[in-house]
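Undergrad: give the three-dimensional model of this entry:
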Amino acid sequence: MSKVKVSFAKFLAKVGGPFSKLGSGSGKSFAGIIFSKVAGIDAISELAGELKIGSIILTGTNGKTTTTTLLIKLLSNDIQIRSSYESNTINAIATAFINQKGDLGVFEYGIRNIKYGIPDTVQRIVNLIGVVYTTISPEHAQVAGVKNPFSEYYRAKELLSKGMQKGVIVTNCDDPRTAYLGYKKRDDVKINYYGLEVDDITDFFEADEIECPQCGSLLNYEKRFLNHRGVYSCSCGFNRPKPNVKLTDVEFGNDKWILTIEGDLFNYPNNHNISFTSILTVPSFGFHNIYNTLASITAYATFTPKIENIETTIEKVFNNLDMSFIPPGRFEVVSHNNKLIGLGQGDNGDAAKINALFMNQFIDGPLEFIYTTPDVDEEEIFEDHFEVIKGLNPSHVIVVPGRQSIEKAEEYYNIVKKEYPDAEFYPLSYDEMDKRINKLYELATNSSYDYVIMTGCGEEQAMWESIKQKLIKR
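TA: Model (predicted):
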């Protein structure tokens, strides 16, 4: 690659990038788009080579943005980093290379298939020294209205780390699918696993049967934490690895939780193992955020060059954490006029189940479930959602279209009505989002129940955050 061509492309990207703010969309990617058009996508490897330590990518089905946000908070205490999140493209990564400074890159990468996500290309040209996996489940296998086989979705995730010959994979050992990705690479790179070592967290939903990722037989579970996450084994010899970073104790309170986290893992910049113990006081932020906490702490302890700061930095960040770290639109429980209203995005079965588990700790009486439905060709999501509804056993159900099709939402409602005969349906239009937001707010605040959960599909940030802010302000 001509250095002159790369330098010219970088110059044009720096000049043209700021103009993206004058238009809509692509703001986090525009400089990278310019660079790739002029120099070619392979030239991004020249940009990646400027980082003295290297780059890491965070991926998974759920928890990517929150984990990335927490990891950025942690690493920024020790080192200047280049980062991007909530913009899951190679051009967003290139933009961060061009417009930011730092010796370590931290990038969220939400990948659903090989065609659009080009994971093997990304791994090669970004020259990754780390991939962080949160969890992998089938809920996001649909792309552009087309349902892709879960095996292809899973393979796309795997290709982000498959070609690595140096660095560390950080992965969830409680999830057999992510654990297996680490297991297969154990001879090529270091693997740092994270997971739970407590008895206080258990899944109360009916358990799905989960296939062993190695042989295809059904896994045996000693215990379940969340959905397919737990302590598992298989007759073929594959079983849950021991976590390098683990939650060893937890005290649950109404407004705060106390977490004890112990670590013994490999640190990449210093090339040796380190250990630590941290006791954290955090908001009562939901069981799923315990996993996000573990993932971010494991990645931080793996890639920080300042290992002497690990315990101090972890405690500084998490002991001063408030709910603002959660991305807009994500699930929260809000107190409003003596009601407890849990609301937020739950656009797949795993996310909705996590929301329900979070809400369940507050419920002390009859519950109303306001359910926002998926769309056409999303019957599998509805089936998962319906299991969540039945698992919480609400006294009353309200059904509202969460996406475009009112007709499909009514079909889902008719199924719900067979189980809950007094369920109600409100055919609110997606095109009139302000009316939908106001009506959902009204349904929650005028409910005759003291406990209300509102979750399902919808505008991931705008709709949920608008309702949440209305509840908080009044």
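Undergrad: list phi and psi for the residue lying closest to residue 244 once chain neighbours are set aside.
TA: The spatially closest residue to residue 244, leaving aside those adjacent along the chain, is residue 265, at 3.9 Å (C-beta to C-beta, 6 or more residues apart in numbering). In short, each C-beta sits where N, CA and C put it, glycine included. The phi/psi pair for residue 265 (degrees, to the nearest 10) reads phi -150, psi 170.
Undergrad: does residue 265 touch residue 302 like I think?
TA: Yes: between residue 265 and residue 302 there is a contact under C-beta atoms under 8 Å: 6.2 Å.
Undergrad: average pLDDT across the helix or strand containing residue 359?
TA: Take DSSP states H and E as the rule and residue 359 turns out to sit in helix 349-360. Helix 349-360 carries an average pLDDT of 88.
Undergrad: hang on, the earlier thing: how near is the residue nearest to residue 244 to residue 235?
TA: Relative to residue 235, residue 265 is positioned 29 Å away (C-beta to C-beta, to the nearest Å).
Undergrad: what about the two, which has more around it?
TA: Applying other C-beta atoms under 10 Å to residue 265 and residue 235 shows that residue 265 carries more neighbours, namely 23 against 12.
Undergrad: after the helix ranked longest in the chain comes which helix or strand?
TA: In the chain, with assignment by DSSP state H, the single longest helix is helix 287-303. Of the helices and strands lying after helix 287-303 in sequence (DSSP H and E), the nearest is helix 310-319.
Undergrad: show me what that next one is packed against.
TA: The contact analysis (3 or more C-beta pairs under 8 Å, 6 or more residues apart in numbering; DSSP states H and E) places helix 310-319 against helix 64-75, strand 256-267, strand 272-283, helix 287-303.
Undergrad: quick check: buried residues in the last one?
TA: This means helix 287-303. For helix 287-303, a neighbour-count test (16 or more other C-beta atoms under 10 Å) marks 287-303 as buried.
Undergrad: then the second one?
TA: Of the residues in strand 256-267, those buried by neighbour count under the rule 16+ other C-beta under 10 Å are 257, 259, 260, 261, 262, 263, 264, 265, 266, 267.
Undergrad: out of the residues you listed, which one sits closest to residue 188?
TA: When the buried residues of strand 256-267 are ranked by distance to residue 188 (C-beta to C-beta), residue 266 comes first, at 13.7 Å.
Undergrad: residues near the nearest residue to residue 322 once chain neighbours are set aside, how many?
TA: Leaving out its chain neighbours, the residue that sits closest to residue 322 by C-beta to C-beta, 6+ apart is residue 283, at 6.4 Å. For residue 283, the neighbour count with other C-beta under 10 Å is 18.
Undergrad: contacting residues for residue 283?
TA: When contacts are counted by C-beta atoms under 8 Å, 6 or more residues apart in numbering, residue 283 touches 255, 256, 257, 321, 322, 323.
Undergrad: with adjacent residues omitted, what lies nearest to residue 99?
TA: Residue 99 sits nearest to residue 31 (C-beta to C-beta, 6+ apart), 5.9 Å away.
Undergrad: isn't that neighbour right up against residue 93?
TA: No: with contacts counted by C-beta under 8 Å, residue 31 stays clear of residue 93, the gap being 10.9 Å.
Undergrad: between the buried residues of strand 256-267, which is closest to residue 38?
TA: For the buried residues of strand 256-267, the closest approach to residue 38 (C-beta to C-beta) belongs to residue 267, at 38.0 Å.
Undergrad: so the closest one sits against residue 307, correct?
TA: Yes: at 5.5 Å, residue 267 counts as touching residue 307 under the criterion of C-beta under 8 Å.
Undergrad: show me whatever sits in contact with both of the two.
TA: With C-beta under 8 Å, 6+ apart, residue 267 and residue 307 have common neighbours 274, 301.
Undergrad: neighbouring contacts of the one helix or strand residue 94 maps to?
TA: Assigned by DSSP H and E, residue 94 belongs to helix 90-99. Contacts with helix 90-99, where a contact means C-beta under 8 Å, 6+ apart, come from 10, 13-14, 17, 28-33, 35-36, 41, 44, 47-48, 50-51, 55, 82-84, 105, 107, 109, 118, 121-122, 125-126.
Undergrad: show me what secondary structure element comes after it.
TA: Beyond helix 90-99 on the C-terminal side, the first helix or strand identified by DSSP H and E is strand 104-108.
Undergrad: that next one pairs with which strands, and in what direction?
TA: Sheet pairing of strand 104-108 (DSSP bridges) gives strand 54-59 (parallel), strand 81-84 (parallel).
Undergrad: low-confidence bits of this structure, can you list those?
TA: For the chain, the stretches flagged by pLDDT under 70 are 1-2, 8, 11, 16-27, 139-147, 460, 474.
Undergrad: pick out the residue closest to the middle of it.
TA: Nearest to the geometric centre of the chain sits residue 63, at 1.6 Å (C-alpha atoms, centre = their mean).
Undergrad: any idea how far it is from residue 325?
TA: Distance of residue 63 to residue 325, computed by C-beta to C-beta: 12 Å.
Undergrad: for residue 199, same thing?
TA: In this view, residue 199 and residue 325 are 27 Å apart by C-beta to C-beta.
Undergrad: just to revisit the earlier point, just the contacts of helix 90-99: which are in strands?
TA: Secondary structure from DSSP state E places 55, 82, 83, 84, 105, 107 of the contacts of helix 90-99 in strands.
Undergrad: for the fourth one, which residues are in contact?
TA: Looking back up the chat, that one is residue 84. 28, 92, 93, 95, 96, 107, 108.
Undergrad: now for the residues you listed: which two are most distant?
TA: Greatest spacing in the contacts of residue 84, by C-beta to C-beta: 95 and 108 (13.2 Å).
Undergrad: quick one, which of these two is more surrounded?
TA: residue 95 (28 against 25).
Undergrad: so the residue nearest to the centre of the chain sits right up against residue 295, yeah?
TA: Yes: contact criterion C-beta under 8 Å: residue 63 and residue 295 qualify, at 6.8 Å.
Undergrad: residues that sit against both of the two, list them.
TA: residue 134.
Undergrad: reformat the contacts of residue 84 as CSV; add distance to residue 329.
TA: Conversion of the contacts of residue 84 to CSV gives the following (distance: C-beta to C-beta, whole Å):
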residue, distance to residue 329
28, 18
92, 20
93, 24
95, 24
96, 23
107, 21
108, 16
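Undergrad: now, which of the residues you listed sits nearest residue 438?
TA: The shortest approach to residue 438 among the contacts of residue 84 belongs to residue 28, at 30.8 Å (C-beta to C-beta).
Undergrad: how close does the nearest residue to that closest one once chain neighbours are set aside get to residue 114?
TA: Once flanking residues are discounted, residue 28 sits nearest to residue 87: 3.8 Å by C-beta to C-beta, 6+ apart. Here the criterion is C-beta to C-beta. By it, residue 87 lies 19 Å from residue 114.
Undergrad: elements contacting the helix or strand harbouring residue 152?
TA: Secondary structure from DSSP H and E places residue 152 in helix 150-162. Using 3+ C-beta pairs under 8 Å, 6+ apart, the elements in contact with helix 150-162 are strand 54-59, helix 114-117, helix 119-126, strand 128-133, helix 176-184.
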